[in-house]
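S.K.: fold the following, please.
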Amino acid sequence: MIHALAFFLGLATSHAMMPTGPKLPLELETIEEDGRVTVVLVANPEVSRRIDYTLELKGLSSSTHRSSSEVAAGQRTEISRMRMSVGEDWCARLSITEPDGSVHVITRGPCR
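M.R.: Numbers count the residues shown, from 1 in each chain. Down below sits the predicted model:
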């Protein structure tokens, strides 16, 4: 039993130290002030590429921005900015669709 536990803990430790995968090509930054949230979508890819994404912001209202952008490697570029009155319950959700069809999701806010 002790050996099994030690083996399990060893695997858990090894798994925790494994790399988390490639850096995502988009970052989602938020600024909260005076009952408003500003969401800034920033591209900073490791290689030049086309990025397909959907950015949703929900607060006192709702807004969605879908787009596809060509971005250059190593250039930090703001590609979208949204601002909304939100109250206490808000959610920013970014979905990035990779060329192979896989989707990465980043959220900010309480998202209740």
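S.K.: low-scoring stretches of the protein, by residue?
M.R.: Low-confidence segments of the chain, defined by pLDDT under 70: 1-22.
S.K.: repeat the analysis, applying 90 as the threshold.
M.R.: Low-confidence segments of the chain (pLDDT under 90): 1-23, 74-75, 87-89, 98-99, 112.
S.K.: next structured bit after the helix or strand that contains residue 53?
M.R.: Per DSSP states H and E: residue 53 is located in strand 49-58. Sequence-wise, the next helix or strand downstream of strand 49-58 (DSSP H and E) is strand 62-71.
S.K.: what comes up buried for that following strand?
M.R.: 65, 69, 71 (16 or more other CB atoms under 10 Å). Every C-beta, even on glycine, is put in place using the N, C-alpha and C of the backbone.
S.K.: and the next helix or strand past that strand?
M.R.: Counting by DSSP H and E, the next helix or strand C-terminal to strand 62-71 is strand 77-85.
S.K.: can you list contacts of whichever helix or strand comes after that following strand?
M.R.: Heading C-terminal from strand 77-85, the first helix or strand you meet, by DSSP H and E, is strand 91-97. The contact list for strand 91-97, computed with CB atoms under 8 Å, 6 or more residues apart in numbering, reads 24-26, 28, 30, 37, 39, 41, 51-59, 82, 103-112.
S.K.: repeat that with 7 Å
M.R.: Here strand 91-97 makes contact (CB atoms under 7 Å, 6 or more residues apart in numbering) with 24-26, 28, 30, 39, 41, 51-58, 103-111.
S.K.: what do you get for stretch 24-44?
M.R.: 45, 49, 51, 53, 55, 57, 59, 69, 71, 76-87, 90, 92, 94, 96, 104, 106, 108-109.
S.K.: alpha carbons only: can I get that stretch in PDB?
M.R.: The C-alpha trace of stretch 24-44 is given here as PDB (Å, rounded to 0.1, in the frame of the first residue of the first chain):
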ATOM      1  CA  LEU A  24      -1.800  30.500 -27.000                       C
ATOM      2  CA  PRO A  25      -1.600  33.100 -29.800                       C
ATOM      3  CA  LEU A  26      -4.100  35.400 -28.100                       C
ATOM      4  CA  GLU A  27      -4.300  36.900 -24.600                       C
ATOM      5  CA  LEU A  28      -7.300  38.400 -22.900                       C
ATOM      6  CA  GLU A  29      -6.700  41.400 -20.600                       C
ATOM      7  CA  THR A  30      -9.400  43.000 -18.500                       C
ATOM      8  CA  ILE A  31      -9.600  46.400 -16.800                       C
ATOM      9  CA  GLU A  32     -12.400  46.900 -14.200                       C
ATOM     10  CA  GLU A  33     -13.400  50.500 -13.200                       C
ATOM     11  CA  ASP A  34     -16.500  52.400 -12.200                       C
ATOM     12  CA  GLY A  35     -18.900  49.500 -12.900                       C
ATOM     13  CA  ARG A  36     -17.500  48.900 -16.400                       C
ATOM     14  CA  VAL A  37     -15.100  46.300 -17.800                       C
ATOM     15  CA  THR A  38     -12.800  46.900 -20.700                       C
ATOM     16  CA  VAL A  39     -11.700  43.700 -22.500                       C
ATOM     17  CA  VAL A  40      -8.600  43.900 -24.600                       C
ATOM     18  CA  LEU A  41      -7.700  41.100 -27.000                       C
ATOM     19  CA  VAL A  42      -4.000  41.000 -27.800                       C
ATOM     20  CA  ALA A  43      -2.200  38.800 -30.300                       C
ATOM     21  CA  ASN A  44       1.300  37.700 -29.700                       C
END
